[in-house]
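# sequence and computational prediction follow.
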Amino acid sequence: MNLYQSFKKFLKSQRGKNLFFTFGNKIFWLVVAVVFLSSFFGFSAGLVSGSIFYLQIRNYLSDFDIELPEIERIIEKEYLPQTSQEEAIIKAVENVGPAVVNIVVTKDVPIVERYFYNPFEEFEQFFGDPFQFQIPQYRENGTEKQEVGGGTGFIVSQDGLVLTNKHVVLDKEAEYTVFTNDGEKYPAKVLARDPIQDIAVIKIEQSEKLKSFPIVQLGDSNKLQAGQTVIAIGNALGEFRNTVSVGVVSGLGRTITASGGSFVETLEDVIQTDAAINSGNSGGPLLNLKGEVIGINTAMVQDAQNIGFAVPINQAKRGLEQVKTLGKIVYPFLGIRYVLITQEIKEENDLPVNHGAWLVKVSEEEPAVEPDSAAQKAGLQENDIILELNGEKITSENSLAKIIIKYNPQDKVDLKILRNGQERILSVVLGEKSE
C-alpha cells in the first residue's frame, strides 16, 4: 500500500474525519477574520487618506480664494412632542374662563293676583243660595323685581368693560347684574348698543375699592379658516355657568336673520360653527386653540344639528374703540332701503344688470330713500341701482354694507348709479347712525 492509499484510508476513518472537520473549521474562520480585517483597515485607510486629501485640496484652493463647504455632520434631531389638541383646549379654557361672566337681567314685573267672581251673587237675596258659579279674575297688586332674562359676556379691559350681544341687554328699562367667575356680583351699565351688529358694550360698576379684572385676548377673525377648531364658552340654559363646547368653523361669511322675542336683525359676514351654542350662551366668546377670542356667540338654528353663528371679533373691535373714545358706536349712514341684485332677481324683475344695490321701498312708511338723509341730499331716487362705491363693485358677495363700513361719518364718497339705463356719478357726504 503506497502513501496516497494510506492517507486516503486515514481520511475515511473516524479519526481522520474529525481531524479534517476541525482543520476545515479553523480555515473557515481564518478566512472570515482576514476578510473582516482587510475591510476594516481598507475603510479606515480610505477615510484617513480622503480627509488628508480634502485638507490638502482645501489648503491649496485657499490661495485662490475658493472655499469648499464644510463636511456636513448628520446629527439625529431631537423631536419634542407637540402640544396635543386636548391640552390646548384645556389651557385655553383655564386662561379665558376667569374673564367670562354671567349677565342677569331683572325688571319690575307687576304682581298679578287671582280671585274668583260669582256673577249671580246679587240674586242670592231673592233666591237663596242656589248658584255656586265662580269665574276666575286677575288684578295687579304692585310690582316686584324678577329675573326676566340673561346671557354671557367676557371682560375686555381691567377696569370692567364687557362685550356681549345687543339682544342680551336690549331692554332699556331693565337692570343688569354681572356675576364673575369667582362668585362676585356687580351692577352693570349699558354703555352702547351697536345699531347694526348684535354687539353691545357694558361696564361693571364698582362702588368699593377698584378691582383689576382678568381679561381675554382678542384674536384676528380675518385669519379664520373653515375646518379650524374652535371653543365656545357660555352660561348654558342660564344655569350651567362656563359650559365648554368644542367644534370647528363650519363656514365663513354667512348672512342670517336672527330673531328672539321682539328682536329681529339681519347679520352679515358671520361665522358658522358646529360648537354647541345653547340658550344663555349668547354673548359668550368663541376661541381659537391659542385661547384668543375670534367671535361672539350670537345665534343657533333650533331645528338643526349643531348649527350656530358668531359675530367676528374684528367687527366688535371697531365699536369697542369708539366706546372708549366717543362713548358710543357710530356707523356711516346713507339712508336707503335696497335689494342686492343677483342673476335670479335680475331675471324676475327684468333688470338691466345682475349686480348692484337696487333701491326699493317696503311700504309708504318705509320708503326707498329716507327723507332728509345723506342719500336724499345727494339726489338718489327710488329704483336707482348703485353699481359702485368709490370704484368698488357691489355684488351679493361684496355687499354695500360691507363696503360702506370701511368709511366714517362725514366722509365724502362717489357712487356710480344706473338710472333709466344711463350711468352717472353722485357724490355723497355720509351721515351718521348710532343707537
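Ah, there it is.

# any idea how far Asn314 is from Lys412?
As for Asn314, its distance to Lys412 is 25 Å (criterion: C-beta to C-beta, to the nearest Å). For the C-beta atoms, the positions are set from N, CA and C on the backbone; glycine is no exception.

# more neighbours: these two, which one.
With other C-beta atoms under 10 Å as the criterion, Asn314 and Lys412 differ in neighbour count, and Asn314 comes out ahead with 17 against 10.

# got the contact list for that one?
If a contact means C-beta atoms under 8 Å, 6 or more residues apart in numbering, then Asn314 has 220-222 as its contacts.

# now with 10 Å, please.
218-224, 269, 294-295 (C-beta atoms under 10 Å, 6 or more residues apart in numbering).

# that one: what secondary structure?
helix (DSSP: H, G, I helix; E, B strand; the rest coil).

# on that earlier part again, now render the contacts of Asn314 as TSV, adding neighbour count.
Listed next are the contacts of Asn314 as TSV, based on neighbours: other C-beta atoms under 10 Å:
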residue	neighbour count
Leu218	18
Gly219	21
Asp220	13
Ser221	25
Asn222	10
Lys223	11
Leu224	21
Asp269	18
Ile294	25
Gly295	29
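
# the residues you listed in strands, which ones?
Counting by DSSP state E, the contacts of Asn314 place 218, 269, 294-295 in strands.

# of those residues, closest to Glu432?
Top of the list for closeness to Glu432, among these and by C-beta to C-beta, is Asp269 at 21.6 Å.

# measure that closest one to Glu397 for me?
Applying C-beta to C-beta to Asp269 and Glu397 gives a distance of 10 Å.

# farthest-separated two in the ones in strands among the contacts of Asn314?
Leu218 and Asp269 (17.2 Å).

# thinking again about what came up before, need the max-distance pair from the contacts of Asn314.
Across the contacts of Asn314, no pair lies farther apart than Leu218 and Asp269, at 17.2 Å, counting by C-beta to C-beta.

# so where's this protein uncertain?
Within the chain, the stretches with pLDDT under 70 are 1-83, 108-144, 147-148, 207-210, 237-238, 259-263, 304.

# break it down into its domains, please.
Per the record's domain assignment (automatic domain parsing), the chain is made up of the domains 18-62, 99-204, 217-320, 332-433.

# highest average neighbour count across the ones you listed?
With neighbours taken as mean count of other C-beta atoms under 10 Å, the domains of the chain reach their highest mean count in domain 217-320, at a mean of 19.

# all helices of the stretch 301-435 of the chain, in order?
313-326, 343-349, 374-378, 400-404 (DSSP state H, counting those that start in this stretch).

# got the end-to-end distance for stretch 298-313?
This stretch, stretch 298-313, spans 12 Å end to end (C-alpha to C-alpha, to the nearest Å).

# cool, stretch 170-184 as well?
Its start and end residues considered, stretch 170-184 measures 24 Å (C-alpha to C-alpha).

# quick one: common contacting residues for Asp269 and Glu397?
Common neighbours of Asp269 and Glu397 (criterion: C-beta under 10 Å, 6+ apart): Gly253.

# nearest spatial neighbour of Val429, chain-adjacent residues omitted?
Closest residue in space to Val429, ignoring its immediate chain neighbours: Lys412 at 5.2 Å, by C-beta to C-beta, 6 or more residues apart in numbering.
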